[in-house]
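1. A predicted structure for the sequence below; I have some questions about it.
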Amino acid sequence: MALERLEQRRLALAQAMDAQGAWPADSPWVRRAILDTVPRHAFAPDLLWTWDGHAFAGVDRSTDPDRWADLVYAGPDDSTITQVLGGLPSSSLSCPSVVADMLDSLILEPGHRTLELGGGQAWNAALLAARTGAGNVTTVEIDPGLAELARHRLAAAGLDVSVRTGDGNAGWPEAGPYDRVIATYAVDQIPWAWIAQTKPGGRLVAPWGRMGHLALTVADDGQSATGWVQGLGLFMPSRGTDQGREYHAVRGEDPPDRAVIPARDLRALTDLHLVFALRVSAPDIRITTTETDGHLTVKLHDGVSSWATAIIDPAGSTIAYEGGPRYLLSEVEAGRQHWKQRGTPPLWDFGMTVTRDRQHVWAGTADSGPYAP
């Protein structure tokens with residue numbers, strides 16, 4: 001029965017990906033690898049985690065195989081939490097749609113020497129190996145326990161992948177230079193080691209911050225890398241990164257410091273293109289929106305000490321409050337005005353240039369200068 005459930009869920013995921021148009025047309029190998037060559041459940045641990053409304057609760061394959069299968073194959077845009085440390089997720093099987101998009105963005109070919117940063121459960125490394133062939137993939141995992149499990153899973157699948165234990169931010173120069181480099185965790189600053197270990201003309205795909213992933217091409221002289229935003233997705237940060245406090249911790253129980261009349265209709269913050277632009281111009285402001293029965297709730301916080309909440313009813317009336325030293329709603333409005341002045345570029349118009357000493361995000365063309373005001 002458990003195997004039947006897995007097959008049902010696997011087929012349901014395939015159909016959902018089809019309906020969503022999530023399979024990359026330019027990389028048909030990705031669909032074959034995910035559905036047939038490297039099944040997702042073969043790289044999932046027996047203990048998975050899910051949010052029960054108060055904390056992360058474990059789901060054990062041996063005692064609840066159906067629920068376990070549901071978590072492994074939840075849906076195209078759902079990750080599967082595989083490790084929790086200190087009450088927060090620390091490792092996962094990424095959303096299938098995002099995995100497919102990032103592999104497509106990598107433009108991976110057989111024979112490409114490939115470096116993966118963040119081996120995790122080894123599913124992504126297995127997908128890379130299925131494309132490149134034996135002996136071409138090196139994956140780096142900082143957690144020794146996860147690295148050892150990855151070795152066993154890859155060996156059981158008959159895949160020749162070199163699993164190394166170390167800090168992914170340093171790459172793995174011993175096996176370089178690489179044709180392709182891919183990270184499975186988010187960074188705010190692209191480590192120069194990743195670019196230095198990529199061949200001129202090689203390609204690097206990495207999640208940037210909390211919003212999405214970029215694909216950078218290394219220049220012929222190896223002294224810079226430039227590329228575009230490829231897609232959206234939420235990624236865990238590198239191990240040890242200070243993630244700041246969550247909204248509820250910043251908000252606290254005290255009364256707000258002030259009531260606010262927003263300058264503009266905050267429903268604009270449901271526009272992903274604007275939200276991405278704000279991520280560039282005000283990177284420490286976190287924005288969440290929730291709609292219930294026509295009421296939109298907007299929450300802002302900086303992860304430290306400032307917060308704002310606004311509730312917009314179906315008629316457009318807004319109640320807003322703030323706390324802390326920063327006026328976050330005003331900062332967001334300034335960012336919206338800047339986006340408008342720049343011609344409201346869509347998120348796909350944003351890109352990044354990285355050199356040894358700095359990185360900057362631009363909109364339109366790489367020579368247009370930094371986007372942030």
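-> Perfect, thanks for sending it.

2. what residues of the longest strand belonging to the chain count as buried?
-> Across the chain, the longest stretch assigned as strand under DSSP state E is strand 198-208. By neighbour count on 16 or more other Cβ atoms under 10 Å, the buried set for strand 198-208 is 198, 199, 202, 203, 204, 205, 206, 207, 208. Every C-beta, even on glycine, is put in place using the N, C-alpha and C of the backbone.

3. just the pLDDT at the second one, thanks.
-> What it means is residue 199. pLDDT for residue 199: 98.

4. tally of neighbours for the nearest residue to it once chain neighbours are set aside?
-> Excluding the flanking residues, the one nearest residue 199 by Cβ to Cβ, 6 or more residues apart in numbering is residue 177, at 4.7 Å. Burial of residue 177 is recorded as 16 neighbouring residues (other Cβ atoms under 10 Å).

5. same question for residue 286.
-> Using other Cβ under 10 Å, residue 286 is surrounded by 19 other residues.

6. isn't it right next to residue 306, touching?
-> No. Here residue 286 lies out of contact with residue 306, judged by Cβ atoms under 8 Å, at a distance of 10.8 Å.

7. out of the buried residues of strand 198-208, who's nearest residue 293?
-> Checking these against residue 293 by Cβ to Cβ gives residue 207 as the nearest, at 33.7 Å.

8. was I right about that closest one contacting residue 230?
-> No. If you go by Cβ under 8 Å, residue 207 and residue 230 don't touch, sitting 10.0 Å apart.

9. next, show the common contact partners of these two.
-> Common contacts of residue 207 and residue 230 (Cβ atoms under 8 Å, 6 or more residues apart in numbering): 213, 214.

10. show me what contacts the residue nearest to residue 199?
-> Contact analysis of residue 177 by Cβ under 8 Å, 6+ apart lists 113, 197, 198, 199, 202.

11. what is the neighbour count of the first one?
-> Using other Cβ under 10 Å, residue 113 has 19 other residues around it.

12. list the contacts of it.
-> Residue 113 is in contact with 132, 136, 175, 176, 177, 178, 179, 180, counting by Cβ under 8 Å, 6+ apart.

13. show the average pLDDT along the lengthiest helix in the chain.
-> The single longest helix within the chain, with elements called by DSSP state H, is helix 2-20. Confidence over helix 2-20 (mean pLDDT, whole number) is 90.

14. what residues sit buried inside that helix?
-> Result for helix 2-20 [16+ other Cβ under 10 Å]: buried residues 5, 6, 9, 10, 13, 14, 16, 17.
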